[in-house]
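Chemist: Sequence plus the predicted model coming up.
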Amino acid sequence: MQTRRDFLSTTFTSTAAVLAASALPTSLFAQQKSNVLFIAVDDLNDWIGCLGGHPDSVTPNLDRLAARSTLFTRAYCNAPACNPSRGSLVTGKLPTTTGVYENAHSFRQQDPDAVTLMQHFMGNGYYVAGRGKITRQGRPADVVSYHDYVPQGQDPMPSNPPLNGFSQSRFDWGPIDVPVEEMDDWKVVQWGKEMLRKKHDKFFFLACGLYRPHLPWYVPRKYFDLYPPDEITLPNIDENDLDDVPPIGRSFVARRDDHKNVTETDNWRRAVAGYLACIRFADDMIGELLDALDNSSYADNTMIVLWGDHGWHLGEKLHWRKFALWEEATRVPLMISAPGMAPNRCDRTVSLVDLYPTFIDICDLPQRDGLDGVSLKPLMEQPDREWDRPALTTHIRGNHSVRSERWRYIRYSDGTEELYDHENDSLEWTNLAGRTQYKDIIAAHAAWIPKVEAPTAKPLRRE
């Protein structure tokens with residue numbers, strides 16, 4: 001089985017990308033203002049074709065978008081949970097700056113005067129509209145960030161009890177016998193297509209938030225039919241993987257005991273099939289958006305940015321869901337297609353907090369003070385340039401991961417540590433933190449952890 005990180009040693013062979021790279025001078029990219037199609041995909045890990053994360057995954061539309069984009073192969077979230085990750089992206093500030101560490105927190109409550117990425121576009125002449133999950137469901141819609149916004153709706157649910165008997169946090173999967181047109185993601189995409197058909201008298205920023213593959217993994221039956229459980233490839237795991245993990249790291253796994261529940265009920269293959277089915281559904285929705293853009297009058301002057309808010313474990317390190325600091329929970333798809341810019345593959349380490357300053361650079365917006373990320377435009381122009389910035393991910397105050405191109409360093413709030421060498425241990429099975437020969441590597445990575453961390457935000461006030 002090809003592991004989720006084997007892709008790093010392969011060559012990006014898209015003919016379209018090669019031809020485009022030879023035909024388009026990067027200088028065209030420098031000053032071109034453009035529209036924006038901003039696509040958020042919830043809980044999508046690296047199980048997509050262009051990232052090589054799972055051999056059974058089929059994602060033709062994500063792959064064709066990657067072939068016309070700069071594909072960032074080492075992109076990471078700044079928090080492995082929906083709300084703090086999305087809040088960090090749209091404010092351009094790390095959780096350690098805002099105090100928004102968990103799903104119960106609100107960046108708008110913490111900082112009522114925050115100027116989100118969308119507001120910055122609004123303040124500079126763009127029409128900004130959104131539908132679906134951009135910031136976290138359950139938080140009040142940040143309506144000040146849009147001229148027009150349609151919140152996330154509800155998908156059909158089975159009329160019977162949970163399909164696999166797991167009721168906790170909607171931890172369930174299975175086919176539902178409804179037409180695709182009843183899925184809320186389909187409605188988000190139809191809204192996006194209609195917006196792309198309209199005549200706009202100013203530049204626009206359209207945000208489309210897709211919910212799948214978030215739990216529960218319910219999509220129409222035709223998607224499950226593509227993934228018979230008996231033919232599914234399971235993730236490669238080590239049953240003793242947690243033996244060298246500090247107690248806090250193990251506690252993130254033990255909170256729900258998901259892996260035990262899944263394996264003892266013979267649901268592992270069914271669960272993986274459910275996740276893959278939802279990815280395939282999301283890929284179809286993305287394809288409809290791309291087709292609508294390509295057939296619109298905005299095809300040549302629209303920047304496309306697609307991102308996932310965090311990764312997802314499906315048994316790796318005996319863990320499920322996100323809510324951890326390892327590779328599977330933190331690595332995300334990120335691709336940026338900009339008018340006049342040749343497609344590329346970039347293996348440098350970046351994170352989602354870098355998107356705010358990147359938009360500023362590409363769309364020629366005024367600079368903003370106080371952003372924690374840096375623009376990725378230089379990497380889009382020269383993907384192999386020197387780049388010394390690792391990605392910082394924080395899960396609950398005091399727990400951090402620092403991911404460089406070769407290493408992942410984790411430090412928990414009690415000072416315990418993990419260190420993994422991705423050159424020799426891409427699945428993070430061997431914790432090297434206790435070995436003295438790695439003390440300099442640990443020190444170099446620990447230097448990127450903020451010396452001062454914002455206090456934890458108060459839980460969201462319910463009006």
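Modeler: Yes, it's here.

Chemist: Tally up the residues packed near the closest residue to Leu365 other than its chain neighbours, please.
Modeler: Nearest residue to Leu365 in three dimensions, chain neighbours excluded: Asn124, at 5.1 Å (CB to CB, 6 or more residues apart in numbering). The way it works is simple: take the backbone N, C-alpha and C, and place the C-beta from them, glycine included. When counting by other CB atoms under 10 Å, one arrives at 14 neighbours for Asn124.

Chemist: And for stretch 178-191, what's in contact with it?
Modeler: 131-132, 150, 152-156, 208-212, 219-220, 281-282, 284-285, 288-289 (CB atoms under 8 Å, 6 or more residues apart in numbering).

Chemist: So which of those residues sit within strands?
Modeler: Judged by DSSP state E, the subset of the contacts of stretch 178-191 located in strands is Arg131, Gly132, Val150, Cys208, Gly209, Leu210, Val219, Pro220.

Chemist: quick one on the thing from earlier: using PyMOL, define a selection of the buried residues within the contacts of stretch 178-191.
Modeler: A single PyMOL command selects the buried members of those (16 or more other CB atoms under 10 Å):
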select buried, resi 131+132+152+155+208+209+210+211+212+219+220+281+282+284+285+289
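
Chemist: Run through the neighbouring helices and strands of the helix or strand harbouring His120.
Modeler: Using DSSP states H and E, the element containing His120 is helix 117-122. If contacts are counted by 3 or more CB pairs under 8 Å, 6 or more residues apart in numbering; DSSP states H and E, helix 117-122 sits against helix 82-91, strand 127-132, strand 204-210, helix 355-362.

Chemist: try 10 Å
Modeler: When contacts are defined as 3 or more CB pairs under 10 Å, 6 or more residues apart in numbering; DSSP states H and E, helix 117-122 packs onto strand 35-41, helix 82-91, strand 127-132, strand 204-210, helix 355-362.

Chemist: Now the second one: buried residues?
Modeler: Across helix 82-91, burial judged by 16+ other CB under 10 Å covers Cys82, Asn83, Pro84, Ser85, Arg86, Gly87, Ser88, Leu89, Val90, Thr91.

Chemist: can I get the helices and strands packed on helix 117-122 in CSV with mean pLDDT?
Modeler: Shown next, in CSV, are those (pLDDT from 0 to 100):
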stretch, mean pLDDT
strand 35-41, 98
helix 82-91, 96
strand 127-132, 96
strand 204-210, 98
helix 355-362, 97
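
Chemist: Select, out of these, the one closest to Lys198.
Modeler: strand 204-210 (8.9 Å; CB to CB).

Chemist: Give the pairing partners of that closest one; include direction for each.
Modeler: Strand 204-210 pairs in its sheet with strand 35-41 (parallel), strand 127-132 (parallel), by DSSP bridges.

Chemist: and it with helix 355-362, angle?
Modeler: 150 degrees (axes from the mean of the first three to the mean of the last three CA atoms, to 10 degrees).

Chemist: could I have strand 204-210 exported to PDB, CA atoms only?
Modeler: Extracted in PDB, the C-alpha atoms of strand 204-210 (Å, rounded to 0.1, in the frame of the first residue of the first chain):
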ATOM      1  CA  PHE A 204     -16.400  39.500  -6.200                       C
ATOM      2  CA  PHE A 205     -15.400  37.100  -3.400                       C
ATOM      3  CA  LEU A 206     -17.600  34.100  -3.300                       C
ATOM      4  CA  ALA A 207     -17.200  31.700  -0.400                       C
ATOM      5  CA  CYS A 208     -18.700  28.200  -0.800                       C
ATOM      6  CA  GLY A 209     -18.500  26.000   2.300                       C
ATOM      7  CA  LEU A 210     -18.900  22.200   1.800                       C
END
